[in-house]
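J.: Okay, here's the prediction I keep looking at, along with the sequence it came from:
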Amino acid sequence: MLVGAIRHYRLVRAITVTVRTCIIFGVMYLGVMVITAQNASADDAVAKGREIVRQHCTRCHVVPNMNPYGGIGSTPSFAALKWLSDWEHRFEVFYTLPPHPALVKIAGVSEERSESLPAFVAEIELQIDDIDAILSFVRTLETPDQ
């Protein structure tokens, strides 16, 4: 009887260890999948931001590794903006800072364009999510001191 109880105990113990191991590896697997999905999402945001910047921002701004000889002379480069202590805030609200209200409209956020503003061939219309994508891209840019 004692031998049977010992065998039963060992069997239960082995099953318990196996179940715990499966649970631990299952949780670890889910964690890896979540992290991988977040990284893929972050990479997508950076790529989207890079394309928005290339298409619209390089008209006026010099952007590292994109248009080293472009931009307008009086317009700060993205590298120069990243030197500022409040650079993230500036990029988050850039569409409210001159001269951007005359050029950029954020759907559902920006006020209607005033007729007193200069006329442009094509107004740049962005979504609020595009601001996050631009910021994700700009975070990847190095400043000269990095």
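T.: Alright, I've got the coordinates.

J.: and residue 85, what element?
T.: Per DSSP states H and E: residue 85 is located in neither a helix nor a strand.

J.: where's it relative to residue 141, distance?
T.: According to Cβ to Cβ, to the nearest Å, residue 85 and residue 141 sit 16 Å apart. For glycine as for every other residue, the C-beta is placed from the backbone atoms N, C-alpha and C.

J.: which parts of stretch 99-112 are buried?
T.: For stretch 99-112, burial by neighbour count (16 or more other Cβ atoms under 10 Å) applies to 100, 103-106, 110.

J.: now the helices for this structure?
T.: All helices of the chain, identified by DSSP state H, fall at 2-55, 78-83, 87-92, 100-103, 128-140.

J.: Of the ones you listed, which shows the lowest average pLDDT?
T.: Mean pLDDT values for the helices of the chain show the minimum at helix 2-55, a mean of 73.

J.: Give the full set of residues in contact with residue 88.
T.: residue 135 (Cβ atoms under 8 Å, 6 or more residues apart in numbering).

J.: So it versus residue 21, what's the distance?
T.: When distance is defined by Cβ to Cβ, residue 88 is 44 Å away from residue 21.

J.: next one: residue 89
T.: As judged by Cβ to Cβ, residue 89 and residue 21 stand 48 Å apart.

J.: on that earlier part again, report the two of the buried residues of stretch 99-112 separated the most.
T.: Within these, two members stand farthest from each other by Cβ to Cβ: 103 and 106, at 11.4 Å.

J.: sorry, back to before: if you count surrounding residues, which of residue 85 and residue 141 has more?
T.: Taking other Cβ atoms under 10 Å, residue 85 and residue 141 do not tie; residue 141 has more neighbours (18 against 6).
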